[in-house]
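**Student:** predicted structure and sequence below. I'll ask about it afterward.
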Amino acid sequence: MAKPIEWVSARLRATRELTADVLLFEIEADRAFVTATPGSHIDVVVLIDGRPQLRSYSLVGPCPDGLYRIAVKRLASSRGGSIGMWRLKPGERLTISAPSNSFELSYGQPEYLLLAGGIGITPIYTMALALKQAGAKFRLLYAARSRRDLALADELARHIGERLQLFVDEEGQRIDIAGEIAQLDPRGELYVCGPFGMLEAVRRLWYEAGRPVAHLRYETFGNAGNFGDAPFKIRIPRLGLEVDVPANRSILDALEDAGVDMIFGCRRGECGLCILPILEASAPVDHRDVFFSSEERATNGKLCTCVSRAKSGCITVDTPDRMPTP
């Protein structure tokens, strides 16, 4: 079961293309919510294969005009969320949650380093604007595969000027993460949102540098994993269940479909609420979470059912406190 969410009906007011595969959505809620803070996100109910599913999207920029703005990247490996969002037309009705924040920006630090990779720019963009308004000392390093993928880069350049530095993979440019951490004020904070590999590198280098754990803040928007998405099976001996997990569905989705009463929260591999112990795996387990350390993932003892998968075959898990619902 999830924590209670406050829902409201809304209308898609307009969309705008940021890049060839990133759309900006302007959403008008039927009633006002509390003002969103930098790093906030909203949940959107998206129809996937005719069924309502929740997807979380970071809010882009402040909302002084009463409109919530989110950016959605159309992904070839999508489980249906981005495809469902891209099908929406202005004027259509939506159900959205009140803004919530699990990537809170703290103020009053001597220096900030913001790192963004690809569509991970969405919460970082809002933080940069807030830090500029607060008069804080900060830099934003933004990496993308090509210049065509640099969503919001022009807006950022206008707002924060030389504080922004762009890194384009196709042009051989890479962020020297270790060097940037070394330059950061000892009391400074680092905020990062991007692909799984970027998050893993930042976490490892931050810890190796002996930096305070509390001064590293991060959020993930999904991880493609080490293997492509393929169907496999999940077996739960305690419940006498064997469930098929399609390529476009998560373990958590499949178990819910089978009537297993699951506990979950973020659905992004961050909170750890949906973890189940692994009893046996007939193929490599593709751990796609950011909850476990790399050492914990290597033991193959548990997995986050909302994001992690098997390369093929079957994973046998246990659910000691969960029973199928009628």
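**Tutor:** Ah, there it is. Numbering: from 1, shown residues only.
**Student:** for K311, give me phi and psi.
**Tutor:** Main-chain dihedrals, K311, degrees, to the nearest 10: phi -60, psi -30.
**Student:** what do you get for P99?
**Tutor:** Dihedral pair for P99: phi -60, psi 140, per degrees, to the nearest 10.
**Student:** my read is that it contacts H41, right?
**Tutor:** Yes: using C-beta atoms under 8 Å, P99 makes contact with H41 at a distance of 6.9 Å. Heads up, the C-betas are built off the backbone N, CA and C, glycines and all.
**Student:** overlap in contacts of the two?
**Tutor:** Residues touching both P99 and H41 (C-beta atoms under 8 Å, 6 or more residues apart in numbering) are L59.
**Student:** these two - which one has more neighbours?
**Tutor:** H41 (25 against 21; other C-beta atoms under 10 Å).
**Student:** beta partners of that one?
**Tutor:** S58, S100 (DSSP bridges).
**Student:** for it, give me its contacts.
**Tutor:** S56, Y57, S58, L59, P99, S100, N101, S102, F103, P123.
**Student:** could I get the residues you listed in CSV, plus columns for pLDDT and distance to D253?
**Tutor:** Formatted as CSV, these follow (pLDDT from 0 to 100; distance: C-beta to C-beta, whole Å):
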residue, pLDDT, distance to D253
S56, 87, 15
Y57, 92, 18
S58, 94, 22
L59, 95, 25
P99, 91, 25
S100, 88, 21
N101, 90, 25
S102, 86, 21
F103, 92, 24
P123, 96, 25
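**Student:** not counting its neighbours along the chain, what's nearest R204?
**Tutor:** Nearest residue to R204, sequence neighbours excluded (C-beta to C-beta, 6 or more residues apart in numbering): S294, at 7.4 Å.
**Student:** next one: that neighbour, what pLDDT does it get?
**Tutor:** Here, the pLDDT recorded for S294 equals 79.
**Student:** what's the burial count for it?
**Tutor:** 10.
**Student:** same check, this time on S56
**Tutor:** Using other C-beta under 10 Å, S56 has 18 other residues around it.
**Student:** now N101
**Tutor:** Look at N101: counted by other C-beta under 10 Å, it has 15 neighbours.
**Student:** what sits against it?
**Tutor:** By C-beta under 8 Å, 6+ apart, N101 lies in contact with A36, T37, G39, S40, H41.
**Student:** now, the most widely separated pair of the residues you listed?
**Tutor:** Pairwise distances across those (C-beta to C-beta) peak at 10.8 Å, for the pair T37 and H41.
**Student:** what sits in contact with each of these two?
**Tutor:** With C-beta under 8 Å, 6+ apart, T37 and H41 have common neighbours P99, N101.
**Student:** give the buried residues for the longest strand seen in the chain.
**Tutor:** With secondary structure taken from DSSP state E, the chain has its longest strand at strand 7-19. Residues of strand 7-19 classed as buried: A10, L12, T15, L18, T19 (neighbour count, 16 or more other C-beta atoms under 10 Å).
**Student:** name the nearest of those residues relative to L140.
**Tutor:** Closest approach between the buried residues of strand 7-19 and L140, by C-beta to C-beta: L18, at 16.8 Å.
**Student:** pretty sure that closest one contacts A71?
**Tutor:** Yes: contact criterion C-beta under 8 Å: L18 and A71 qualify, at 6.1 Å.
**Student:** overlap in contacts of those two?
**Tutor:** Common neighbours of L18 and A71, using C-beta under 8 Å, 6+ apart, are L24, A151, L152.
**Student:** secondary structure class for the second one?
**Tutor:** Secondary structure assignment for A151 (DSSP: H, G, I helix; E, B strand; the rest coil): coil.
**Student:** quick one: it from R238, how far?
**Tutor:** From A151 across to R238, the span is 45 Å (C-beta to C-beta, to the nearest Å).
**Student:** higher neighbour count, these two?
**Tutor:** A151 (26 against 12).
**Student:** confidence score at the nearest residue to that one once chain neighbours are set aside?
**Tutor:** Distance criterion C-beta to C-beta, 6+ apart; nearest residue to A151, sequence neighbours excluded, is L18 at 4.2 Å. Model confidence at L18, given as pLDDT, is 96.
**Student:** identify the residues contacting L18.
**Tutor:** L18 makes contact with L24, A71, A151, L152, according to C-beta under 8 Å, 6+ apart.
**Student:** buried subset of the residues you listed as a PyMOL selection?
**Tutor:** Selecting only the buried entries of the contacts of L18 in PyMOL, with 16+ other C-beta under 10 Å as the criterion:
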select buried, resi 24+71+151+152
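**Student:** dump the contacts of L18 into JSON lines; add distance to V245 and pLDDT as well.
**Tutor:** Formatted as JSON lines, those follow (distance: C-beta to C-beta, whole Å; pLDDT from 0 to 100):
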{"residue": "L24", "distance to V245": "33", "pLDDT": "97"}
{"residue": "A71", "distance to V245": "29", "pLDDT": "96"}
{"residue": "A151", "distance to V245": "32", "pLDDT": "96"}
{"residue": "L152", "distance to V245": "35", "pLDDT": "96"}
